[in-house]
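1. Take this sequence and fold it.
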Amino acid sequence: METELDGELTGEVVVVGGGVIGLTTAVVLAERGRRVRLWTREPVERTTSVVAGGLWWPYRIEPVALAQAWALRSLDVYEELAARPEETGVRMSEGVLGETTPDEVGAWASARLPGLRAATAGEYAGVGLWARLPLVDMSAHLPWLRRRLVAAGGTVEDRAVSDLAEADAPVVVNCTGLGARDLVPDPSVRPVRGQLVVVENPGIHDWLVSADAGSGETTYFLPQPGRLLLGGTAEEDAWSTEPDPAVAEAIVRRCAALRPEIAGARVLAHRVGLRPARDAVRLERAVLPDGRRLVHNYGHGGAGVTVAWGCAEEAARLAS
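-> Reported below is the predicted structural model:
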């Protein structure tokens, strides 16, 4: 029987949580030579992450300086993965960040994002930025991450836990997102409900994100292979995962106001996800009651895809 000392020598780690944060963290650890077991309550195709629109952009995440560093590291990785979009689900895509100016995004964006410029009147009726950003098809990317983890020697187990101490390894990495509210427990983790409408793509190739400062609503459409994702909502402390027909109608109406051809697009699906929001990401080392090492990596809100690789590398460092 393997002892805890044996586990320490072989670098065994249990990562709890199978969304994009947990999978990416598990991949980084496994590819650095650790023996990784990923425990996920839901199959990866049914996690909150699969509902994500998948556009890379720092969104509703603190602390800002660290999030920027994590995001830029992730951008490096996504740019590499975009060379194989059919395999990885990642591609570079052009579009408009509405109600955004170069001064608002900061010098880092202009320095790191070639081609970033003010949108023309033909591209957007208001003030906006034209950008070329990673757009991730989560339905393809999450299974690809799982395959990459297994190829690196990791294993994936569908397993729900009621206590992080159940994880039987010298090092445990907590990537449970909203689940951390009860598991840690950390009542500062709260849901921000997001609802999407999936429609047939009527021929739209560029994405668009438009924010209404008055209402707090964000309207967006994101072209993914074979479909167009329409959004969205950001309802604080809302727990319902059932689509609201009235909200769906409003989403389609707002998107059609920007691109009229969306109005007649056939609806394929309705999706709801609960973003795991926190005042600041918790990415730090701790200990379990029995003294084993615990690394927390949760609270990424709506920016999990954007910071996944940067946070995974930091979590791997803390786990060493």
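2. From Ser162, how far out is Ala316?
-> Noted for Ala316: a distance of 26 Å to Ser162, by CB to CB, to the nearest Å. Quick note: C-beta positions are derived from backbone N, CA and C, even for glycine.
3. Tell me how far the longest helix seen in the chain lies from the chain's centre.
-> When the chain is scanned for its longest helix (criterion: DSSP state H), the result is helix 64-81. Taking CA atoms, centre = their mean, to the nearest Å, the mean C-alpha location of helix 64-81 is offset from the chain mean by 12 Å.
4. ditto for stretch 129-146
-> Per CA atoms, centre = their mean, the displacement of stretch 129-146 from the mean C-alpha position of its chain is 9 Å.
5. burial measure for the nearest residue to Val199 once chain neighbours are set aside, as a count.
-> Among residues not flanking Val199 along the chain, Ala265 sits closest, at 3.9 Å (CB to CB, 6 or more residues apart in numbering). For Ala265, the count of nearby residues is 23 (other CB atoms under 10 Å).
6. give me phi/psi at Ala265?
-> phi -70, psi 140 (degrees, to the nearest 10).
7. Likewise for the one 10 residues further on?
-> Main-chain torsions, Arg275, degrees, to the nearest 10: phi -70, psi 140.
8. residues touching the residue nearest to Glu313 when sequence neighbours are not counted, list them.
-> Distance criterion CB to CB, 6+ apart; nearest residue to Glu313, sequence neighbours excluded, is Val28 at 5.8 Å. By CB atoms under 8 Å, 6 or more residues apart in numbering, Val28 lies in contact with 309, 312-313, 315-316.
9. repeat that for 10 Å
-> Residues near Val28 by CB atoms under 10 Å, 6 or more residues apart in numbering: 15, 34, 36, 77, 149, 152, 308-309, 311-317, 319.
10. Look up how far Thr241 lies from it.
-> Plainly put, Val28 is 29 Å away from Thr241 if you go by CB to CB.
11. all helices of the stretch 151-300 of the chain, in order?
-> 180-183, 245-258 (DSSP state H, counting those that start in this stretch).
12. Pairing partners for the strand or helix carrying Glu94, with directions?
-> Remark: Glu94 resides in strand 90-98, with elements defined by DSSP states H and E. Using DSSP bridges, strand 90-98 pairs in its sheet with strand 128-136 (antiparallel), strand 207-211 (parallel).
13. Which residues belonging to the longest one are considered buried?
-> Looking back up the chat, that one is strand 128-136. By 16 or more other CB atoms under 10 Å, the buried positions in strand 128-136 come out as 128-131, 133-136.
14. any idea which of the contacts of Val28 has the most stuff around it?
-> Ranked by the number of neighbours (other CB under 10 Å), the contacts of Val28 place Val15 first, at 37 neighbours.
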